[in-house]
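Student: Sequence and predicted model, in that order:
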Amino acid sequence: MLYDCDSGSVIRISSFVIAVYNYAKVACKCHGVSGSCSMKTCWQQLPTFREVGDRLKDRYDGATETKFNKRGTQLKRKNRRFNKPTKEDLIYLDQSPDYCEANSETGSLGTVGRECNRNSQGMDGCTLMCCGRGYNTFKRKLVERCNCKFYWCCYVRCKTCERIVDVQTCK
């Protein structure tokens, strides 16, 4: 099933449904006296939001670029060297915008000035998030509640602590 968006991009809706539904797991719980399993209840459990996101990201990264045939009635692979997309694959007509740079047309704010983690190799890491431009480091004073104590009954009293931390932002 294809869905034609206003932007001209094409989304294969079934990919989103497949990413959720096909990866549902059967979860069960036993009921009975002292843990005996005299009755068992089972249900379909959806994958976590993270699992769905990871699967969709993998499909996004491997999406197939397409174009309309000469009559404009059918989508075809732009590059014949790649395999024909399956029902689970994503396809697209237009290239994705460069999320590294601000672009008011697409609504992308870019990554300049975004906080990043210099110790991470993940998505929040400065290497990836700053798109190879590097990062600035500065000191920030954090004011936090600390040394909290519970008093009977019924309140908590905390002290205020200050600490200086290094913060990195993309150039």
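Tutor: Cool, got the structure. Residues are numbered from 1 along each chain as shown.
Student: use CA for all of it now, contacts and neighbours both
Tutor: OK.
Student: How is the residue nearest the centre of the chain assigned, secondary-structure-wise?
Tutor: Taking Cα atoms, centre = their mean, the centroid of the chain lies closest to G53, which sits 5.0 Å from it. Using DSSP: H, G, I helix; E, B strand; the rest coil, the three-state assignment for G53 comes out as helix.
Student: contacting residues for it?
Tutor: The contact partners of G53, by Cα atoms under 8 Å, 6 or more residues apart in numbering, come to none.
Student: how much space between it and V20?
Tutor: Between G53 and V20 the computed distance is 9 Å (Cα to Cα, to the nearest Å).
Student: Need the residues touching each of the two.
Tutor: In contact with both G53 and V20: no residue, using Cα under 8 Å, 6+ apart.
Student: so where's the chain uncertain?
Tutor: 1-16, 18-19 (pLDDT under 70).
Student: Please enumerate the helices of it.
Tutor: 13-21, 49-61, 126-129 (DSSP state H).
Student: from the ones you listed, which stretch is densest packed?
Tutor: Sort the helices of the chain by mean neighbour count, taking mean count of other Cα atoms under 10 Å, and helix 126-129 sits at the top with a mean of 22.
Student: ok, so what distance separates K40 from L90?
Tutor: 39 Å.
Student: Pick out whichever of those two has more residues nearby.
Tutor: L90 (24 against 11; other Cα atoms under 10 Å).
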